[in-house]
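In: structure for the following, please:
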Amino acid sequence: MLSSFHYRKSLGFSLAELMMGILIMGVLVSLAMPGLRDMLRNAEVRNAAESIANGLQRARAEAVARNANVEFVLGTEFVPGTGFVAGTPSSWVVRAVAAPNPPIESRSGSEGSGSVTVTALAADLPVTVPATFADLTPATTVTFNNFGGTLAVNADASVALARIDVTALEATQSLRVGIEVGGAPKMCDPGLAAGSSPRAC
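Out: Numbering: from 1, shown residues only. Predicted structure coming up:
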């Protein structure tokens with residue numbers, strides 16, 4: 001019995017099919033880019049706002065634990081061997097007022113939030129959230145006392161930081177970090193109507 005062998009043509013892509021696939025992939029990537037860019041910018045905004053809220057909470061907790069005044073300074077970072085230097089807008093340090101060097105903690109704004117814009121404002125304290133800010137004075141520092149509350153005036157005689165708005169170009173979301181009565185930081189979304197969500201300001 002003779003066996004017959006059938007040879008099939010090897011399967012593959014022709015040059016035309018390959019070029020068409022690359023063209024379709026390019027169109028899909030170009031359609032996805034704006035959404036991806038918005039998602040990345042929104043992630044930077046959230047990263048910066050959460051970091052600032054965490055820094056404020058750390059300063060407050062340290063003030064209570066140390067039974068001493070501790071300050072949170074925005075826009076500053078600590079470089080070992082150099083000291084305190086101006087950082088990106090979302091950089092911050094937490095330091096004891098009596099012995100600031102070295103700081104308790106320092107965060108560089110280039111860590112995942114280099115493209116954000118930060119607007120930091122003072123207001124008459126205590127501040128309630130939502131709040132009406134009559135004083136739109138720029139501020140960078142807030143000092144927490146040993147009860148976890150905030151001082152109206154810092155050790156350097158500057159007015160206390162009370163609200164931080166975080167935005168970014170091409171982001172579809174902005175976030176706000178405010179300091180509530182009693183000194184607790186609260187992160188909220190100013191884009192939501194008041195009372196519509198627990199995340200609203």
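In: and the helices in the protein?
Out: Taking DSSP state H as the test, the helices found in the chain are 15-66.
In: what score does the residue most central in space within it have for pLDDT?
Out: Nearest residue to the geometric centre of the chain (C-alpha atoms, centre = their mean): residue 48, 1.0 Å. Residue 48 is assigned 91 on the pLDDT scale.
In: for it, which residues are in contact?
Out: Contact partners of residue 48, counting by C-beta atoms under 8 Å, 6 or more residues apart in numbering, are 90, 109, 112, 113, 116, 118, 166. C-beta: built from backbone N, CA, C; applies to glycine.
In: residue 186 touches residue 163, doesn't it?
Out: No - in this structure, residue 186 is not within contact of residue 163 by C-beta atoms under 8 Å, at 10.3 Å.
In: which one's more surrounded, those two?
Out: Between residue 186 and residue 163, residue 163 has the larger neighbour count (other C-beta atoms under 10 Å), namely 21 against 14.
In: distance of that one relative to residue 105?
Out: According to C-beta to C-beta, to the nearest Å, residue 163 stands 21 Å off from residue 105.
In: repeat that for residue 27.
Out: 47 Å.
In: comparing these two, which residue is more hemmed in?
Out: Using other C-beta under 10 Å, the more surrounded residue of residue 27 and residue 105 is residue 105, with 16 against 10.
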